[in-house]
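>>> heads up, no residue letters with this:
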């Protein structure tokens, strides 16, 4: 059969790829965050994880928005390594005992550099069992307990 001049299109389904491995959806990324440890990669599987471990969105970085888009696009796991400026330091406090002449008893340092550590409160209380104590670290702004540890006095 003779065809008239012009363009003819034939659509044929392409065979599936022989590579049947699904994408892993894992991202390794560094960036500026409000809080969290430095020098380690924190596994994040949702924006809820991000908020819990690395703090709220900051105006001076794009990591929060990038991760939000990553999870919206189907990403399942991101390893986030927090970076800070060269002058950033970790908040620290030395607690004293309740003796007549208070002595330095315990030094507590935030798990990462930055001003976020200034919003932490550390409380030591007598434990419910003889010769024990309880240490609790809380965020001042939300009063959410982030660490509670119970130990026996040795």
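Looks like it arrived, so ask away. As the structure is a computational prediction, the values presented were derived from the model and not from experiment.
>>> So for the lengthiest helix in the chain, mean pLDDT?
In the chain, assigned by DSSP state H, the helix with the most residues is helix 63-72. In this model, helix 63-72 has a mean pLDDT of 92.
>>> ok, the helix or strand following it: who's next to it in the sheet?
Next in sequence after helix 63-72, counting helices and strands by DSSP states H and E, comes strand 77-82. When sheet partners are counted by DSSP bridges, strand 77-82 sits next to strand 26-31 (parallel), strand 41-44 (antiparallel).
>>> buried stuff in the first one?
When you say that, I think you mean strand 26-31. 27, 31 (16 or more other CB atoms under 10 Å). The way it works is simple: take the backbone N, C-alpha and C, and place the C-beta from them, glycine included.
>>> Kindly report the same for stretch 71-87.
Buried residues in stretch 71-87 (16+ other CB under 10 Å): 71, 75, 77-78, 80-82, 84.
>>> just to revisit the earlier point, which residues sit against the longest helix of the chain?
Helix 63-72 has contacts (CB atoms under 8 Å, 6 or more residues apart in numbering) with 27, 29, 31-33, 44, 46-47, 50, 56-58, 78, 80.
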